[in-house]
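[1] Test case, fold it:
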Amino acid sequence: MKTLTLLIIILFTPLNYADNNLDFFGVTLENDFFFNEDGLYSNGLIATWGYDDIQRLDEQALPDWLAYVAQKSYLNAQQDKRYAITYRVAQLMQTAIDDSVAELVTEDAPYVGMLAWQGQLSAYDTITIDRLSLILGMVGPVTGTKFTQAVVHHLRGASDTKGWENQLSNEFIFRLQAERLWRIYDKTLGNTEFDTLTGINGGFGTLRSDLGVGIGFRWGQDLHSNFSSASAFPMQKLNRPQNSPDGWYLFANASALYVANDIFMDGNTFQDSHSVDIIRHQYGASVGLMANIYNWNFLFTVLRLSEQYQGQNERSRFGSLSVTYYF
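    Residues are numbered from 1 along each chain as shown. Here you go, the predicted model:
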């Protein structure tokens, strides 16, 4: 698993480039232990790094193949925009709701371990943000998630999960996704501010294909400068906020989406595996806090998702904590 992770980073991600040094690096923990639960989406470990305020999306800032894609995309054609590049490597896992049973629980969602790389390009100004990203990775035992969960449970003093022998088989996954965000309203309230955001996003691939709309509300200080960190959506897998200057804000987001396929519910794409009947229309909501302390940024989010498959007897909810350092 370590070899696979290093290979992904070396092949797809420059740690610096000619015109600039690394601007930020962060670590995110997503886990349902915030609610004393351990079913469905159970844990996510994400490393994030990148560059802010890039002048152009070309070979000086990106790997050659990604620069070619960027220059052919709609992002590079926009005028008077600032650009950002974000890379992520993430390990995510999902277990059955009843994870104390070693045998396959057919009415529960599949056991899924995922290890993935994401490259995200952003073009933004004070009113709109466009994000375009590509996810490449693997699901299956090769991702090492069974070992990771055993370590986490040992540190927490929790019992071992019994059903990992039923997880999806090794398989390559991908997803191409796009998002646009608008800042449609803002108002000054004393020495604080309030604003409203709306957005649309969608993507396709063997990992997941969907289309969604979202709305978000923020209250805090320096919202104008912090717009590039904002989202109108509950946290999507591998979808972390951008760089954020000084300031803080409380936020609440909600979204509705149509899901065409999701490997976390549908099982392996090219092999037979356990699956459940996915619910196409899904909803999500989140609340949280973003704050900067000197060069450190802290982001805490609590998420609640609607039922994702037929017969689901427990809704997915989990917390997320991100800590990012800006150089």
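[2] Please make it C-alpha for all contacts and neighbour counts, starting now.
    Will do.
[3] Check whether residue 195 really touches residue 220, as I assumed.
    No - assessed by C-alpha atoms under 8 Å, residue 195 is found out of contact with residue 220, at 9.2 Å.
[4] For these two, list the residues in contact with both.
    Here residue 195 and residue 220 have no joint contacts, going by C-alpha atoms under 8 Å, 6 or more residues apart in numbering.
[5] ok, now which ones touch residue 138?
    114, 115, 116, 170, 171, 172, 173.
[6] Return the member of the residues you listed nearest to residue 309.
    residue 114 (19.4 Å; C-alpha to C-alpha).
[7] what's the helix or strand encompassing the closest one packed up against?
    Using DSSP states H and E, residue 114 falls within strand 112-124. Packed against strand 112-124 by the contact rule (3 or more C-alpha pairs under 8 Å, 6 or more residues apart in numbering; DSSP states H and E) you find helix 2-12, strand 82-95, strand 128-139, helix 145-156.
[8] In the stretch 151-300 of the chain, where is pLDDT below threshold?
    153-159, 236-245 (pLDDT under 70).
[9] Would you mind measuring from residue 50 to residue 123?
    Between residue 50 and residue 123 the distance is 14 Å, computed by C-alpha to C-alpha, to the nearest Å.
[10] oh sorry, the question was meant for residue 321
    25 Å.
[11] One more: residue 195?
    Taking C-alpha to C-alpha, one finds residue 195 at 20 Å from residue 123.
[12] and if you look at residue 52?
    Distance from residue 52 to residue 123, by C-alpha to C-alpha: 10 Å.
[13] can you give me the strands in the stretch 101-250 of the chain?
    Using DSSP state E, counting those that start in this stretch, the strands of the stretch 101-250 of the chain run over 112-124, 128-139, 171-189, 192-204, 208-221, 248-262.
[14] Quick check: which element contains residue 312?
    Per DSSP H and E, there is no helix or strand for residue 312.
[15] ok so, going back, let me know the closest of the contacts of residue 138 to residue 295.
    Using C-alpha to C-alpha, these come closest to residue 295 at residue 116, 27.6 Å.
[16] Quick one: residues contacting that closest one.
    Contact analysis of residue 116 by C-alpha under 8 Å, 6+ apart lists 89, 90, 91, 135, 136, 137, 138.
[17] Who are the contact partners of the residue nearest to it when sequence neighbours are not counted?
    Residue nearest to residue 116 in three dimensions, not counting chain neighbours: residue 137, with 3.9 Å by C-alpha to C-alpha, 6 or more residues apart in numbering. Contact analysis of residue 137 by C-alpha under 8 Å, 6+ apart lists 114, 115, 116, 117, 172, 173, 174.
[18] What number of residues are in the vicinity of the spatially closest residue to residue 249 that is not a sequence neighbour?
    Closest residue in space to residue 249, ignoring its immediate chain neighbours: residue 220 at 4.0 Å, by C-alpha to C-alpha, 6+ apart. Using other C-alpha atoms under 10 Å, residue 220 has 20 neighbouring residues.
[19] Just list whatever residues bridge to residue 220.
    Beta-bridge pairing of residue 220 under DSSP bridges involves residue 193, residue 249.
[20] ok, back up a step: rank the helices and strands packed on strand 112-124 by pLDDT, which is bottom?
    Ranked by mean pLDDT, the helices and strands packed on strand 112-124 bottom out at helix 2-12, with a mean of 52.
[21] right, and residue 117 touches residue 91 too?
    No - in this structure residue 117 lies outside contact range of residue 91 using C-alpha under 8 Å: 9.2 Å.
[22] out of residue 321 and residue 123, which sits in the busier spot?
    Comparing residue 321 with residue 123 by neighbour count (other C-alpha under 10 Å), the higher total belongs to residue 123, at 25 against 16.
[23] what separates the more buried one from residue 221, distance-wise?
    23 Å.
[24] Same question for residue 174.
    38 Å.
[25] When these two are compared, which one has more neighbours?
    Just comparing residue 174 and residue 221: by other C-alpha under 10 Å the higher neighbour count belongs to residue 221, 20 against 17.
[26] Tell me the spacing between that one and residue 190.
    10 Å.
[27] Centre of the chain to stretch 83-91, how far?
    10 Å (C-alpha atoms, centre = their mean, to the nearest Å).
[28] try stretch 219-239
    Worked out by C-alpha atoms, centre = their mean, stretch 219-239 lies 13 Å from the chain centre.
[29] can you give me the mean pLDDT across stretch 47-61?
    79.
[30] residue at max distance from the center of the protein?
    residue 190 (33.8 Å; C-alpha atoms, centre = their mean).
[31] who's in contact with that residue?
    Applying C-alpha under 8 Å, 6+ apart, no residues contact residue 190.
[32] Now for residue 327: which residues touch it?
    22, 23, 24, 295.
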